[in-house]
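Trainee: just the structure for this:
(one chain, ligands or ions: 2)
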Amino acid sequence: MRFQLNDQIVLITGGSQGLGREFAHKYYHEGNNSKIIVVSRSEKKLIKAVDAISGKTVGTNLSPEETGKLNKNAKLYYYPCDLSDHEAVSTMFDRLCELEMLPTQVYCCAGGSIPKLFKDLTGEELDMGIKMNYSTTLHIAHKVAQLELSNCHLILFSSVTAFFPFIGYSQYAPLKVSLKALVGILRQEMLQNRISCVYPGNFQSEGFELEELTKPDITREIEGASTPISSEDCCNKIIRSLESGYDDITTDLIGWFLMSLDMGLNKHNNKSFLWILQLLIGTIVNLLVVPIYMLICQFQIKRWFNGQQKKK
Ligand SMILES: NC(=O)C1=CN([C@@H]2O[C@H](COP(=O)(O)OP(=O)(O)OC[C@H]3O[C@@H](n4cnc5c(N)ncnc54)[C@H](OP(=O)(O)O)[C@@H]3O)[C@@H](O)[C@H]2O)C=CC1
Ligand SMILES: CCCCCCCCCCCCCCCC(=O)[C@@H](N)CO
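Mentor: Numbering: from 1, shown residues only. Ligands and ions are numbered 1, 2, ... in the order given. Here you go, the predicted model:
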């Protein structure tokens, strides 16, 4: 399935800000004869996003209640929906079916993290992590599977933390690992669909700014190797990889390197021309470097905890 921006109906979850809004902007300005539907919980943020993308208020609300004002010739649409609610997702797809706007590409950008030590998280924050990072993608993928949208290209957004879950990301990384597992299974079951998975490193977004407020220093120290890039750069890197036919995509060197350590049983369909290099690097580094790094990492973490004790 050759990837292109033109002649698509592209559904972007998490399209009200950050990376999702960047993709919407890219399709709006470069995708000829494409329709864009941005989805998130907040109608207010969606309206702000469509204004920012198009420079004027042209976004059309696709909700059933807005049928009277529907402009079928518009390019940019929005649909407020809490994607962690299976029924709400089902209603959204019913609506898209009614309007003959079932998607040909789906970007599952909805997600976000609250970096804290596990014991410092609230039950609500833990539940939010599961909903925001897993359920939102799960229900969308489930509807694509059930409707047998065989020409639909699913693009899931995991994270580098799926290759190396580390201290401070207990509310987030396990769910990004789950997405990696889901991708492996869907690739075996949904043979008619192209299923891509993106493992971004850090990039500047509203979500990134928010997570910086609670991120423990030790977490920031470990992830220092992933310097935040702009959302626009991240978007363009991902589009270039998709256009090159890759389906397991990273956005920085450390992400590519950590993916090489995680080749396992799910990466053998990776079309990266560097795939064999990744396999070789992964084998050698897993054997010779990882044991040493994990000792250093444990020392770093123990030193940080000792420092925390002294502060008390
Ligand atoms: N920024 C980074 O450094 C990295 C980000 N990632 C991943 O990339 C993706 C995009 O990240 P980023 O741009 O920073 O995200 P942001 O946190 O900036 O935006 C998250 C988006 O998801 C939407 N959203 C959250 N919960 C729901 C829900 N239940 N239903 C519908 N929409 C929802 C939000 O809109 P609303 O509040 O209106 O619902 C918002 O539009 C995420 O999956 C993130 O985990 C991965 C690695 C690094
Ligand atoms: C031989 C072994 C070497 C190991 C080096 C370890 C380097 C770890 C870099 C981790 C980068 C994590 C980026 C997370 C982005 C993200 O998902 C958050 N911003 C949440 O949004």
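Trainee: all strands of the stretch 1-150 of the chain, in order?
Mentor: Assigned by DSSP state E, counting those that start in this stretch, the strands in the stretch 1-150 of the chain fall at 9-13, 35-40, 60-61, 76-80, 105-108.
Trainee: and of these, who's closest to residue 198?
Mentor: Nearest to residue 198 among the strands of the stretch 1-150 of the chain is strand 105-108 (8.9 Å), distances taken as C-beta to C-beta. To be clear about C-beta, it is placed using only N, CA and C from the backbone, and glycine gets the same treatment.
Trainee: how far does that closest one sit from its chain's centre?
Mentor: From the chain centre to the centre of strand 105-108 is a distance of 9 Å (C-alpha atoms, centre = their mean, to the nearest Å).
Trainee: quick one: average confidence on that strand?
Mentor: In this model, strand 105-108 carries a mean pLDDT of 98.
Trainee: pull the number of nearby residues for residue 293.
Mentor: 12 (other C-beta atoms under 10 Å).
Trainee: out of the strands of the stretch 1-150 of the chain, which gets the lowest mean score?
Mentor: Averaging pLDDT over each of the strands of the stretch 1-150 of the chain puts strand 60-61 lowest, since it has a mean of 92.
Trainee: partner strands of that strand, parallel or antiparallel?
Mentor: For strand 60-61, the paired strands and their directions (DSSP bridges) read strand 76-80 (parallel).
Trainee: which ones are touching whichever residue of the stretch 151-300 of the chain sits closest to ligand 1?
Mentor: Residue nearest to ligand 1 within the stretch 151-300 of the chain: residue 207 (2.0 Å; C-beta to the nearest ligand atom). For residue 207, the contact set (C-beta atoms under 8 Å, 6 or more residues apart in numbering) comprises 17-18, 111-113.
Trainee: how about residue 111?
Mentor: Applying C-beta under 8 Å, 6+ apart to residue 111 gives the contacts 14, 132-133, 136-137, 157, 176, 207.
Trainee: repeat for residue 176
Mentor: Counted by C-beta under 8 Å, 6+ apart, residue 176 has contacts 111, 133, 158-159, 161-162, 165.
Trainee: OK, contacts around the closest residue to residue 35 other than its chain neighbours?
Mentor: Leaving aside its sequence neighbours, residue 35 sits nearest to residue 9 (C-beta to C-beta, 6 or more residues apart in numbering; 4.9 Å). The contact partners of residue 9, by C-beta under 8 Å, 6+ apart, come to 34-35, 37, 101-105.
Trainee: what about residue 129, how many residues nearby?
Mentor: 23.
Trainee: is it true that it touches residue 178?
Mentor: No: Residue 129 is beyond contact range of residue 178, at 10.9 Å (criterion: C-beta atoms under 8 Å).
Trainee: which parts of the protein sit against ligand 1?
Mentor: Residues of the chain found near ligand 1 (C-beta under 6 Å from any ligand atom) are 13-14, 16-20, 40-42, 45, 82-84, 109-112, 131-133, 136, 157, 159, 200, 202-203, 205-208.
Trainee: which of those are buried, as a ChimeraX select command?
Mentor: For the buried members of the residues of the chain next to ligand 1, the matching ChimeraX selection, counting by 16 or more other C-beta atoms under 10 Å, is:
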select :13,14,16,17,18,19,20,40,41,45,82,83,84,109,110,111,112,131,132,133,136,157,159,200,202,203,205,207,208
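Trainee: next step: the residues of the chain next to ligand 1 restricted to helices.
Mentor: Among the residues of the chain next to ligand 1, the members falling in helices (DSSP state H) are 18-20, 45, 136, 206-208.
Trainee: widest-spaced pair of the residues you listed?
Mentor: So, these by C-beta to C-beta: farthest apart are 136 and 208, at 17.9 Å.
Trainee: show me where the protein dips below the pLDDT cut-off.
Mentor: 1, 57-59, 266, 268-273 (pLDDT under 70).
Trainee: so which residues of it form helices?
Mentor: Under DSSP H, the chain gives helices at 18-30, 43-54, 86-98, 123-130, 136-146, 173-189, 206-212, 217-222, 231-243, 253-260, 275-288, 290-311.
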